[in-house]
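Q: Need a 3D model of the following:
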Amino acid sequence: MATPRSPRPVSPGPATPSTYLRFAAVGDSTTVGVGDPTPGTPVGLGAGATGRDGTWRGWARLLAEALEASYDVSFCNLAVSGATTRDVVAHQLAEAVDHRADLVSLVVGVNDTMRSSWDPAVLRRDLLHAADALTADGALLMTARFHDHGEVFGLPRLLRRPLQQRIEAVNEVYDEVHATYGGVRVDLAGWPEVRRREFWSVDRLHPSELGHRALARAFAAELAAVGWSVVPPAAVADGLHVPSWRTDLAWMVSEGAPWVGRRARDLAPWAARAAWQGAVARRTDLVRVGAAGRRAEGSAGGHHDGVAVGDGDGVLAVGPA
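A: So this is what the prediction gives:
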């Protein structure tokens, strides 16, 4: 990985409508646009879909179309559904760099948190390397911080807490990326929209059309705030795709259930280890507190019963019954 540079000041975008603007997007299914299909998108097309096949629209293309009102835009969407940070570096980064973009988006990392191969050190190395390469020629970098996916999924606490710890680790790396390479970013963790059902498609993993529009509008607002000429896309659905229970059910059968199966194979051993480690840690805490109580009784020459008060993760207090 190249030595990180000091962040450059964010400069205004080109000011005239005739200015040629290159925009490159790398990442996973969110940047592909999954959840915001174009008319005729076949049901079941999800895993492995790419941002260049035209079957999904999504926030990146909505933003590119909004920029076209002010610039002559060359848009290159290299994202692939299911991509990890390793996939971005291995399969998307070189072409994105070759695009010699003025504007680049790097939104990836959630898939890393859902793999048994999770390694925060590798994720940090890959994200910093990607950010360095993408901005080497002066491109403005767009990134995001992620929300609590377990809350949106409705996961049980056994899975939600460790998953959120992984999401927080990803966000810490994005904080480092932003501090080092500058640019603009959207903090989804602070969005009330992410807790609204209409923000999400049927799988609650990918944004719906309204969710993609909200994300595109947020990035457009951030670009406008630093001097770029961009009018945010409309906030309301355009009616090109009308969801129905039939298409939702077909998607869940063809894509949703297999996805859950793949992630269960990845996450079940990890969840079991997390549960065992948590149980061992709680037992250790209780033994430690009990031993401390007995020592206190001996030094005081008296006796009392102790009660450990906890929230399931650790002992908070000990007091007389």
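
Q: got the contact list for Val32?
A: Ala49, Thr50, Gly51, Trp56, Gly58, Asn77, Ala79, Val80, Ser81 (C-beta atoms under 8 Å, 6 or more residues apart in numbering). Any C-beta I mention is one placed from the backbone N, CA and C, and that applies to glycine too.

Q: what about 6 Å?
A: Ala49, Gly51, Trp56, Ala79, Ser81 (C-beta atoms under 6 Å, 6 or more residues apart in numbering).

Q: now, which of those residues lie within strands?
A: Within the contacts of Val32, no residue falls in strands by DSSP state E.

Q: In JSON lines, list those along with neighbour count and pLDDT.
A: Output for the contacts of Val32, formatted as JSON lines (neighbours: other C-beta atoms under 10 Å; pLDDT from 0 to 100):
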{"residue": "Ala49", "neighbour count": "20", "pLDDT": "73"}
{"residue": "Gly51", "neighbour count": "28", "pLDDT": "71"}
{"residue": "Trp56", "neighbour count": "27", "pLDDT": "87"}
{"residue": "Ala79", "neighbour count": "29", "pLDDT": "96"}
{"residue": "Ser81", "neighbour count": "23", "pLDDT": "89"}
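
Q: which among those gets closest to Pro37?
A: Set against Pro37, the nearest of the contacts of Val32 by C-beta to C-beta is Trp56 (5.9 Å).

Q: Just grab the bridge partners of the closest one for me.
A: Pro37 (DSSP bridges).

Q: and it, what does it touch?
A: So Trp56 contacts Val32, Gly33, Val34, Pro37 (C-beta under 6 Å, 6+ apart).

Q: Farthest pair within those residues?
A: Longest span within the contacts of Trp56, C-beta to C-beta: Val32 and Pro37, 10.9 Å.

Q: what are the ranges of the helices in the stretch 101-250 of the chain?
A: 110-113, 120-134, 149-153, 157-181, 209-225, 245-251 (DSSP state H, counting those that start in this stretch).

Q: count of neighbours near Glu168?
A: 14 (other C-beta atoms under 10 Å).

Q: From the contacts of Trp56, which land in helices?
A: Val32 (DSSP state H).

Q: Count the neighbours of Asp137 for me.
A: By other C-beta under 10 Å, neighbour count at Asp137 equals 11.
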